[in-house]
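Chemist: Got a predicted model here, sequence first, then my questions.
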Amino acid sequence: MQNLWYSQSLMHLAWLDSGEAVETDQFREDIHGTQYFTDGYRLLMWLSGDPFSMLEMQTQQWDKPPGLRAK
């Protein structure tokens, strides 16, 4: 996300609470057998082919971002 933001390609972003978190010591596997862990969030990004000011990038209010999830 930061790389796209610094390269002035990121117009909007939104956090999606996609479900259960998977701890780093309790890996899961995808359909290809690749192990992964997750904080339970996905990041949705709107990209621009033309330079887009870092100061104009907007965060869409879909779900609460990581760190603000109710426990």
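Modeler: Done, it's in.

Chemist: mind checking the backbone torsions on the residue lying farthest from the centre of the chain?
Modeler: Computed with C-alpha atoms, centre = their mean, the residue of the chain farthest from its C-alpha average is residue 33, at 22.5 Å. With angles defined as degrees, to the nearest 10, residue 33 sits at phi 90, psi 10.

Chemist: who touches it in this structure?
Modeler: Residue 33 is in contact with no residue at all, counting by C-beta atoms under 8 Å, 6 or more residues apart in numbering. The C-beta positions use only the backbone N, C-alpha and C, and glycine is treated the same way.

Chemist: Tell me the confidence at it?
Modeler: Note on residue 33: pLDDT of 93.

Chemist: now do residue 38
Modeler: 87.

Chemist: Residue 24 is in contact with that one, correct?
Modeler: No: look at residue 38 against residue 24 with C-beta atoms under 8 Å: they stay out of range, at 9.8 Å.

Chemist: Those two: which is more packed in?
Modeler: residue 38 (14 against 7; other C-beta atoms under 10 Å).

Chemist: measure the more buried one to residue 7 for me?
Modeler: Distance of residue 38 to residue 7, computed by C-beta to C-beta, to the nearest Å: 25 Å.

Chemist: would residue 52 count as being in a strand?
Modeler: No: judged by DSSP: H, G, I helix; E, B strand; the rest coil, residue 52 forms no part of a strand; its state is coil.

Chemist: So the nearest residue to residue 56 once chain neighbours are set aside versus residue 48, what's the distance?
Modeler: Excluding the flanking residues, the one nearest residue 56 by C-beta to C-beta, 6 or more residues apart in numbering is residue 11, at 7.9 Å. Counting by C-beta to C-beta, the separation of residue 11 from residue 48 is 5 Å.

Chemist: Show me the strands in the chain, by range?
Modeler: Applying DSSP state E to the chain gives strands spanning 10-17, 28-29, 35-36, 41-47, 58-60.
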